[in-house]
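*Asks:* All I have is the shape, not the residue letters:
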Ligand SMILES: O=P(O)(O)O[C@H]1[C@H](O)[C@@H](OP(=O)(O)O)[C@H](OP(=O)(O)O)[C@@H](OP(=O)(O)O)[C@H]1O
Ligand SMILES: Nc1ncnc2c1ncn2[C@@H]1O[C@H](COP(=O)(O)OP(=O)(O)O)[C@@H](O)[C@H]1O
């Protein structure tokens, strides 16, 4: 790591990376800046193409017809971001506390609530148009002398300027507004105390080489962000795939909360309806809302999460086409075909991916971090380009949580409420088999992890 960066990291750590005084929990800031909203509105006009089920026969044609997503191109410029300093931390802490208390559910009472959640406050597009690029705003304040990055919204891909094309960026999943540009091949992700702790604990773990480099917490426009490597940066017009790992995508605490004080969500009901108008029960239709675990479980059974322990969230191909509606992609055959298409049936790429996954599998088996964490909603990010370079990284630790002292997970045995198992290793095994079936290596690359009994 360059000295300068190391220094900045240390400064951030000293400025409060220990998290002292910050409430534990999941801090996912959902507010987007006014400028981001304006830009999003502009992009909404470049109408989103909604693709329905992505089945075997549709693979090639749908990829051809898929949306040319807006891209963010990051260009060096003056800017106003800076590392969080000690004196800032009290403010950050205060604002995080506020966010936590805003989003926490009262433990009193047992009645069903239908309330405006944090997400309801956002526009519908905020959560449902996953896969579109997160928009950044230009940093207006140029008083800082540090060079920074300037964001331009480009609606058509590929971006033509040769000196900039490697810097184009795409967000395939997650929440809109969660990312901003960072300098020198880095990005900023909205602060989550939980994810920050994971990045800290991953330093020095065998998994460190398989996760984005982490450079601490920085402040941008008054908000804290996690500063990390942009994994796309050394690729030329990369193809990218996001696979969400594990058999469960929600936290046990969300199940408990939903049981104790169900919080009915209209936005999740609407998302459900959009995919299948028959999915909600008669009662859910009446109340026009569902709980989050209900929505998440429905998503799991509709996709391959439940049956294979992973699911495809989004794909961007080298030609810029982007596809994010894999909600109903469940069968092995469909997934195999999607992988084949993604890798353009290139055996070099498929073999590289497979051996990278085998290394990840090895690392996971010896990782102290993995042993002691429940890994929920984390993804494997596959990236390759025309040079046949192919890499895989673990990303998104927003819902990865440490187990109580002394407890470890197997990551392959079935989940039952209370055991916190996530099925990650089983999913990885299935993922490797899927890729293996497309190469002459078969499944010999990986170590077998025995199947989970599908959850009821
Ligand atoms: O993929 P769709 O069907 O849009 O559902 C989303 C994803 O599962 C999000 O997970 P991820 O961020 O891993 O993509 C999850 O965020 P959480 O990570 O907060 O659980 C959202 O929950 P809400 O943000 O509560 O709506 C949920 O609505
Ligand atoms: N370090 C990274 N480098 C490049 N792309 C990234 C990186 N982290 C995330 N992404 C992109 O952003 C998307 C969402 O990331 P994720 O961490 O899952 O966000 P969220 O917590 O909002 O779900 C990924 O699918 C990927 O396309």
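*Replies:* Nice, I can see it. Predicted, not measured: the structure shown is a model, and the values here were computed from it. Ligands and ions are numbered 1, 2, ... in the order given.
*Asks:* What's the separation between residue 303 and ligand 2?
*Replies:* Plainly put, residue 303 is 15 Å away from ligand 2 if you go by CB to the nearest ligand atom, to the nearest Å. Every C-beta, even on glycine, is put in place using the N, C-alpha and C of the backbone.
*Asks:* Give me the nearest residue to that residue, chain neighbours excluded.
*Replies:* Nearest non-adjacent residue to residue 303, counting by CB to CB, 6 or more residues apart in numbering: residue 311, 4.1 Å away.
*Asks:* can I assume the one you found sits in a strand?
*Replies:* Yes: secondary structure of residue 311 (DSSP: H, G, I helix; E, B strand; the rest coil): part of a strand.
*Asks:* Pretty sure it sits against residue 331.
*Replies:* No: the criterion here is CB atoms under 8 Å, and residue 311 misses it with residue 331 at 11.7 Å.
*Asks:* shared neighbours of those two, which are they?
*Replies:* Both residue 311 and residue 331 are contacted by residue 304, under the criterion CB atoms under 8 Å, 6 or more residues apart in numbering.
*Asks:* Those two - which one has more neighbours?
*Replies:* Between residue 311 and residue 331, residue 311 has the larger neighbour count (other CB atoms under 10 Å), namely 26 against 14.
*Asks:* Show me where the protein dips below the pLDDT cut-off.
*Replies:* Counting by pLDDT under 70, the chain contains low-confidence ranges at 1-168, 441-456.
*Asks:* Report the closest residue of the stretch 251-400 of the chain relative to ligand 2.
*Replies:* Nearest to ligand 2 in the stretch 251-400 of the chain, going by CB to the nearest ligand atom, is residue 396, at a distance of 3.4 Å.
*Asks:* just checking, that residue touches residue 380?
*Replies:* No: Residue 396 lies out of contact with residue 380 (CB under 8 Å); the separation is 9.8 Å.
*Asks:* rewinding a little: residues near the residue of the stretch 251-400 of the chain closest to ligand 2, how many?
*Replies:* Residues contacting residue 396 under the criterion other CB under 10 Å number 26.
*Asks:* Please apply the same query to the one 4 residues further on.
*Replies:* As a burial measure, residue 400 scores 23 neighbours (other CB under 10 Å).
*Asks:* Which secondary structure state does it sit in?
*Replies:* Residue 400 ends up strand, using three-state DSSP.
*Asks:* right, and it touches residue 378 too?
*Replies:* Yes: between residue 400 and residue 378 there is a contact at 5.8 Å, judged by CB under 8 Å.
*Asks:* Please, which helix or strand holds the residue of the chain found nearest ligand 2?
*Replies:* Per CB to the nearest ligand atom, residue 174 is where the chain lies closest to ligand 2, at 2.3 Å. Assigned by DSSP states H and E, residue 174 belongs to neither a helix nor a strand.
*Asks:* hang on, it packs against residue 395?
*Replies:* No: look at residue 174 against residue 395 with CB under 8 Å: they stay out of range, at 9.3 Å.
*Asks:* And these two? Which one has more around it.
*Replies:* More crowded of residue 174 and residue 395, by other CB under 10 Å: residue 174, with 23 against 20.
*Asks:* ok, now how distant is that one from residue 397?
*Replies:* Distance, residue 174 to residue 397, using CB to CB, to the nearest Å: 12 Å.
*Asks:* Now for the closest residue to residue 178 other than its chain neighbours, how many residues are close by?
*Replies:* In space, and not counting its chain neighbours, residue 178 is closest to residue 190: 4.7 Å by CB to CB, 6+ apart. Neighbour count for residue 190, taken as other CB under 10 Å: 24.
*Asks:* again, but for residue 270
*Replies:* 15.
*Asks:* Quick check: it is in a strand.
*Replies:* No: using three-state DSSP, the secondary structure at residue 270 is helix, not a strand.
*Asks:* I'd guess residue 432 is in a strand, am I close?
*Replies:* No: using three-state DSSP, the assignment for residue 432 is helix, not a strand.
*Asks:* tell me the SS of the closest residue to residue 415 other than its chain neighbours?
*Replies:* Distances taken as CB to CB, 6+ apart place residue 421 nearest to residue 415, at 4.5 Å, with adjacent residues excluded. Recorded secondary structure, residue 421: coil (three-state DSSP).
*Asks:* so residue 421 sits right up against residue 403, yeah?
*Replies:* No: between residue 421 and residue 403 there is no contact under CB under 8 Å: 10.7 Å.
*Asks:* Show me whatever sits in contact with both of the two.
*Replies:* Common neighbours of residue 421 and residue 403, using CB under 8 Å, 6+ apart, are 374, 409.
*Asks:* who's more crowded, the two?
*Replies:* Shown here are residue 421 and residue 403; by other CB under 10 Å, residue 421 has more neighbours (22 against 13).
*Asks:* Go ahead and confirm residue 211 touches residue 395.
*Replies:* Yes: with contact defined as CB under 8 Å, residue 211 counts as touching residue 395 (7.1 Å).
*Asks:* Flag every residue of the stretch 101-250 of the chain that's near ligand 2.
*Replies:* 170-175, 178, 187, 212, 228-232, 240, 242 (CB under 6 Å from any ligand atom).
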